[in-house]
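Enquirer: Sequence first, then the predicted structure:
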Amino acid sequence: TEPLLRINQLCKHFYMGRGQTLKAVNNISFSVDRGETLGMVGESGCGKSTAGRTILRLYEPTAGEAWYGGTNIYRLKPGQLKAFRREMQMIFQDPCASLNPRMTIMDIIGEALDIHRLADNRSARRKRVEELLYLVGLNPEHSTRYPHEFSGGQRQRIGIARALAVDPKFIICDEPISALDVSIQAQVVNLLKDLQKRLGLTYLFIAHDLSMVKHISDRVTVMYLGQIVEIADSGELYSEPLHPYTRALMSAIPVPDPDIEADKERIVLSGELPGPLNPSSGCSFRTRCPYATSVCAEREPEFQETKPGHHVACHLV
Ligand code: SF4
Ligand code: MG
């Protein structure tokens, strides 16, 4: 079957002046199937959020293609783009920053309905907002309250309700649990999984560490300095990580996890994180890689398939 989203050699570069270019997203390709969750992991600054925003066309791409079903996202005209925004929504890391403190929950969620003219009158609007609150596990009677009257986890539920208001099919979750207490993280992940089943949603789930995407992802992609270094089925990635960077991330998982023998082959990252501003030649991970050899400095490793569905960019593999 056709994937729902297909990203082909996408680049987003920022020109910084003095001839310098920040290659925030540099030639990434992947696809996401309908109903699937693709986890996307990497340290902050690796380009994950920029990739998400460029896919949604909140940023214009420098090069590359993004296909949503048969629609070329970067060819949409402004009028078409508005309708398209109903299909794909984004949930953000910091629910407080994305919720207007002076608006009630009714208006925060209702605003999304207004923009797309999805409620015919006030009572239809109110009814729909209450349904959405119920759907995300909040008390519909609390719709007259303001964001500060809710806990962090509840505010993230409000952010999810607002994203769902326009009935999207695809949601980019940009670190939706990173700012939450560990005890609350699992609740939000479970809510997202439950909503996925009930509403047939497809997710791109962005996080900075592998433990956060583990329980929600069907497949996981690992990014380093604007590039994808590995992509595989979740089970395979956690049991058989191939790229030295993925293995380093794995050994940094703080919570003991019986599925991961973290200390068996612990890799500690050393060396500077080179800025993506002026990447070195060869493999971009070589300044921190414990296995780097001379060939790693000379040639950029190709992104190759080692087993069906498992791709990795490393000369060692
Ligand atoms: Fe390390 Fe070389 Fe593989 Fe890059 S190509 S990850 S430097 S071994
Ligand atoms: Mg980010």
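Expert: Thanks, I have it. Ligands and ions are numbered 1, 2, ... in the order given.
Enquirer: make it CA atoms for all contacts and neighbour counts henceforth
Expert: Noted.
Enquirer: residues from the protein in reach of ligand 1?
Expert: Counting by C-alpha under 6 Å from any ligand atom, the residues of the chain close to ligand 1 are 243-244, 283, 285-286, 289, 291-292, 296, 301, 314-316.
Enquirer: A292: neighbour count?
Expert: 17 (other C-alpha atoms under 10 Å).
Enquirer: next one: V229
Expert: The number of residues packed near V229 is 28, by other C-alpha under 10 Å.
Enquirer: Would you agree it is in contact with A313?
Expert: Yes: counting by C-alpha atoms under 8 Å, V229 does reach A313; the two are 5.1 Å apart.
Enquirer: one step back: which among the residues of the chain next to ligand 1 count as buried?
Expert: Neighbour-count burial (16 or more other C-alpha atoms under 10 Å) applied to those gives H243, P244, C283, F285, R286, C289, A292, C296, P301, C314, H315.
Enquirer: Please identify every residue contacting each of V229 and A313.
Expert: Common contacts of V229 and A313, defined by C-alpha atoms under 8 Å, 6 or more residues apart in numbering, comprise H243, F303.
Enquirer: Identify the bridge partners of the closest residue to A63 other than its chain neighbours.
Expert: Nearest residue to A63 in three dimensions, chain neighbours excluded: C11, at 5.0 Å (C-alpha to C-alpha, 6 or more residues apart in numbering). Beta-bridge pairing of C11 under DSSP bridges involves N26, A63.
Enquirer: What average pLDDT does the helix ranked longest in the chain get?
Expert: Scanning the chain for the helix with the most residues, using DSSP state H, yields helix 182-199. For helix 182-199, mean pLDDT is 96.
Enquirer: what do you get for stretch 97-106?
Expert: In this model, stretch 97-106 has an average pLDDT of 88.
Enquirer: give the contact list for Y245.
Expert: Counting by C-alpha under 8 Å, 6+ apart, Y245 makes contact with F285, C289.
Enquirer: no, scratch that, I was asking about G42
Expert: Taking C-alpha under 8 Å, 6+ apart, we find G42 in contact with K48, A207, H208, D209, V222, M223, Y224.
Enquirer: what comes into contact with stretch 167-186?
Expert: 49, 52, 86-94, 152-153, 156, 163, 188-189, 200-208, 212.
Enquirer: Filter those residues down to the buried ones and hand me the ChimeraX line.
Expert: In ChimeraX, selecting the buried portion of the contacts of stretch 167-186, with burial taken from 16+ other C-alpha under 10 Å, looks like this:
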select :49,52,86,88,89,90,91,92,93,94,152,153,156,163,188,189,201,202,203,204,205,206,207,208,212
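Enquirer: can you map out the strands along the stretch 101-250 of the chain?
Expert: Under the criterion DSSP state E, counting those that start in this stretch, the stretch 101-250 of the chain contains strands at 170-174, 202-207, 219-224, 227-233.
Enquirer: now those as CSV including mean pLDDT and distance to E130?
Expert: What follows is the strands of the stretch 101-250 of the chain, written out as CSV (pLDDT from 0 to 100; distance: least, C-alpha to C-alpha, whole Å):
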stretch, mean pLDDT, distance to E130
strand 170-174, 97, 21
strand 202-207, 97, 24
strand 219-224, 97, 34
strand 227-233, 97, 37
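Enquirer: wait, which of those strands is closest to K23?
Expert: strand 227-233 (9.3 Å; C-alpha to C-alpha).
Enquirer: what pairs with that closest one, and is each one parallel or antiparallel?
Expert: Neighbouring strands of strand 227-233 in its sheet, by DSSP bridges, are strand 219-224 (antiparallel), strand 310-313 (antiparallel).
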